[in-house]
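1. Any chance you could fold what I've pasted below:
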Amino acid sequence: MAIDAGIFRPATMTKKLLIRDVTLRDGQQSLFATRMTQKQVERTLPGFKDSGFYALEVWGGAVPDSIMRYLNENPWYRLESIRKALGDDIPLTALSRGRNLFGYNPYPDEVLSGFVRNSMESGLTIMRIFDALNDLNNIRSTVKFVKENGGIADCTIVYTVDPKYSTREKVKALLHAKVLPSKIFTKKYFLEKALELQEMGADIITIKDMAGLITPFRAGMLVRMIKQNVSVPVNFHTHCTPGYGLASSLMAIVNGVDIVDTALISFAGGTAAPAFELIQLFCDRMDIETGVNIEAVVGLDKELRAIRAELKEFDNYKAPREFNILTDKLPKDIDQMFEMAIAFAKADKEDDLLEVCHRIESWFGFPEPDAKICEAEVPGGMYSNMLAQLKALKMEKLLPRALELIPLVRLASGCPPLVTPTSQIVGVQAVNCALDEQNGVPLYTTKSIQFVNLVKGVYGHTPVPVDPDFRFKLAGVKQETVYDTKFYKKQDNPVFEEYGGVKLALNEKEELLLELFPSVARDYLKKRMEDTYLAEIHRVEEEKRQKIEEEKQKYNILTPEAKQKRLLDGLYNYEWQSSEGETIGLS
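-> I've put the predicted structure just below:
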């Protein structure tokens, strides 16, 4: 299902901007650890049905794993129920990690093909496909299968920045006459990726900044450059953690982006995406048409705000100000700041733009920019994981040194972008290196198997080559060794005799869950099997109880002669008490 790029080109009088809403996937994943239940999701669907958003991101990412792991819910039902409620008018989107799909390991083509086919049959329209290394070979097969199954291939360039070396490391490199690589992720790097994606068959190209590290200037420059060189629509996605999200989204719009990702205001800001309502206020002032039904959005946000209150145990922020975009008026100074922000964006005045956007966000009650994340230039989730790892060891004091080691660990492993799963791999290894240093042993004495595999080449080609000697030291091979899917072993699907001789996975969709999430899916399917078995036992017992009750009533109104005849005829094969207190239970 190819997209006609012409629909994105503005008419003479009114410009158009399409909005992809990410509330039900990225929004809840970023803010509430993906804990929205099926019932909570269903409460929002009438509003989303009338919303007029170009597309809704509802699946993929952490959703399939988390709802099995924490909510004991069926990921396939989640997708299918949303499609059934919304009908066919709004495209549904899922986030996929290329050859890793929604899991963390590379999968062979037969798994990719089966998962894509079942996803499309279950209601998915757009699959956003990325690779953590920006190794586009890792997404090629998924793109092919999406298009073969009538879907839209939304192909992603993962945004990242060059390693930010400490003064200590710069001095050390100078003393040893070593060159610390820089200018890796240049304009040319991102443009080449965009052109390769278009050649591969991308229907949409997304600049995806999952760490929120893209500055307004870079956002505007990349959108402008890519738009000038490709013919397919360009989508912009970012997060607000370091404080760039709103300003960078505005810069993308000013420079002609076709689609922007937003979340509803009660599920936006902080570690999540920018708020739709703020983007709409900018668009109103620039005569840009989004096609969104604002009345539906206002009602929808009220429901989402109530759901956020129900998720308070997972919420690390205070909810932003409640704002009805149809009826509420902005204070004069805040209203003027929207106009100022647009002027600063058009003039490429980044510092001024950031200042007014931060003041706008502050008035709306969004979290302040996270200075630690901004300085360290790492994703918020990576930072919190590293802190948790050190807290568990009672070594929090090593966090500054672990952060300082990140650029060296990145460099040693080929400068991967910091995005799932490479952000976790690099973060864990940086902590391991800090602990090695603390213990007086050589760096990389302590290493994870995931880091070894990254260095070895299992995850694919890294942006810069890994030193062969370092690879040999860690992985025992000098040449890059990409994972060969012919060694892939399909997960077992055992038969449980104690539950009536049924298989753990009953169909292809459940088998695919086992492939992607072996331990989580096994626990979920086993519990489902137990619940089903116990429910069947309960059903049989209830039928038996009802039958006995019926027989009791019939027996108790018989004459003594009729009762005796029935007993002699051996009509009863279970026990119960008659009205006279005698035990009936024969044959």
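2. any idea which residue sits dead centre in the chain?
-> In the chain, the residue lying closest to the centroid (Cα atoms, centre = their mean) is Gly61, at 2.7 Å.
3. Which secondary structure state does the spatially closest residue to that residue that is not a sequence neighbour sit in?
-> Spatial nearest neighbour of Gly61, excluding adjacent residues (Cβ to Cβ, 6 or more residues apart in numbering): Leu95 at 4.4 Å. Just so you know, the C-beta spots here come from the backbone N, C-alpha and C atoms, and that holds for glycine as well. Look at Leu95: counting by DSSP: H, G, I helix; E, B strand; the rest coil, its state is strand.
4. how close does Leu95 sit to Trp59?
-> Applying Cβ to Cβ, to the nearest Å, the value for Leu95 to Trp59 is 8 Å.
5. Can you work out which residues contact both of those two?
-> Common neighbours of Leu95 and Trp59, counting by Cβ atoms under 8 Å, 6 or more residues apart in numbering, are Arg25.
6. Quick check: Gly440 is in a helix.
-> No: assessed with three-state DSSP, Gly440 is coil; it does not lie in a helix.
7. For it, grab the count of nearby residues.
-> Other residues near Gly440 come to 7 when the count uses other Cβ atoms under 10 Å.
8. where does it land on pLDDT?
-> pLDDT for Gly440: 95.
9. thinking again about what came up before, wait, isn't the residue nearest to Gly61 in contact with Glu57?
-> Yes: using Cβ atoms under 8 Å, Leu95 is in contact with Glu57, at 6.8 Å.
10. Next, show the common contact partners of the two.
-> Contacts common to Leu95 and Glu57, judged by Cβ under 8 Å, 6+ apart, are 25-26, 128.
11. In strands only, show me the residues you listed.
-> In strands, defined here by DSSP state E, the members of those are Arg128.
12. Now do the strands in the stretch 201-350 of the chain.
-> Secondary structure of the stretch 201-350 of the chain (DSSP state E, counting those that start in this stretch): strands at 204-208, 234-237, 259-262, 288-289.
13. Let me have those in a markdown table, extended by distance to Tyr189, mean neighbour count and mean pLDDT.
-> As requested, the strands of the stretch 201-350 of the chain are exported to a markdown table (distance: least, Cβ to Cβ, whole Å; neighbours: other Cβ atoms under 10 Å; pLDDT from 0 to 100):
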| stretch | distance to Tyr189 | mean neighbour count | mean pLDDT |
| --- | --- | --- | --- |
| strand 204-208 | 12 | 24 | 98 |
| strand 234-237 | 17 | 26 | 98 |
| strand 259-262 | 22 | 25 | 98 |
| strand 288-289 | 30 | 16 | 97 |
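14. Quick one: closest of these to Leu514.
-> strand 204-208 (28.5 Å; Cβ to Cβ).
15. partners of the closest one, with directions?
-> strand 152-158 (parallel), strand 234-237 (parallel) (DSSP bridges).
16. out of those strands, which comes closest to Glu536?
-> Shortest separation from Glu536 across these is recorded for strand 152-158, at 41.9 Å, computed as Cβ to Cβ.
17. Buried residues, the closest one. List them.
-> Within strand 152-158, the residues that count as buried by 16 or more other Cβ atoms under 10 Å are 152-158.
18. In the stretch 151-300 of the chain, where is pLDDT below threshold?
-> 166-167, 169-179 (pLDDT under 70).
19. Can you report how many residues neighbour Pro274?
-> So Pro274, with other Cβ under 10 Å, has 30 neighbours.
20. so who does it touch?
-> 238, 240, 245-246, 249, 262-263, 268.
21. now do 6 Å
-> By Cβ atoms under 6 Å, 6 or more residues apart in numbering, the contact list for Pro274 reads 245-246, 249, 262.
22. do Pro242 as well
-> 212, 369-370, 373-374.
23. So which of these are in strands?
-> Going by DSSP E, the strands hold none of these.
24. And the helices in the stretch 151-300 of the chain?
-> 167-175, 187-200, 216-229, 245-254, 276-285, 294-310 (DSSP state H, counting those that start in this stretch).
25. which of the ones you listed sits most buried?
-> helix 245-254 (a mean of 29; mean count of other Cβ atoms under 10 Å).
26. the inter-axis angle of that one versus helix 276-285?
-> 40 degrees (axes from the mean of the first three to the mean of the last three Cα atoms, to 10 degrees).
27. among the strands of the stretch 201-350 of the chain, which is nearest Leu393?
-> Using Cβ to Cβ, those put strand 204-208 closest to Leu393, at 32.9 Å.
28. Touching that closest one from outside, list them.
-> With Cβ under 6 Å, 6+ apart as the test, strand 204-208 has contacts from 130, 154-159, 194, 197, 222, 232-237.
29. Check the gap between Pro468 and Ser448 for me.
-> Pro468 is 21 Å from Ser448, by Cβ to Cβ.
30. Check Gln429 too.
-> For Gln429 relative to Ser448 (Cβ to Cβ), the value is 6 Å.
31. Which one's more surrounded, those two?
-> Gln429 (28 against 14).
32. nearest spatial neighbour of the more buried one, skipping sequence neighbours?
-> Once flanking residues are discounted, Gln429 sits nearest to Phe451: 4.4 Å by Cβ to Cβ, 6+ apart.
33. how far away is the one you found from Cys433?
-> 10 Å.
34. again with Tyr499
-> From Tyr499 to Cys433 the distance is 48 Å (Cβ to Cβ).
35. just to revisit the earlier point, for the strands paired with strand 204-208, give me CSV that also has distance to Lys346.
-> Listed next are those as CSV, based on distance: least, Cβ to Cβ, whole Å:
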stretch, distance to Lys346
strand 152-158, 25
strand 234-237, 17
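36. what ranges of the stretch 401-550 of the chain fall below the confidence cut-off?
-> For the stretch 401-550 of the chain (pLDDT under 70), the answer is none.
37. buried ones in the longest helix along the chain?
-> With secondary structure taken from DSSP state H, the chain has its longest helix at helix 518-556. Of all the residues in helix 518-556, those buried under the rule 16+ other Cβ under 10 Å are 520-522, 524-525, 528-529, 548, 551, 555.
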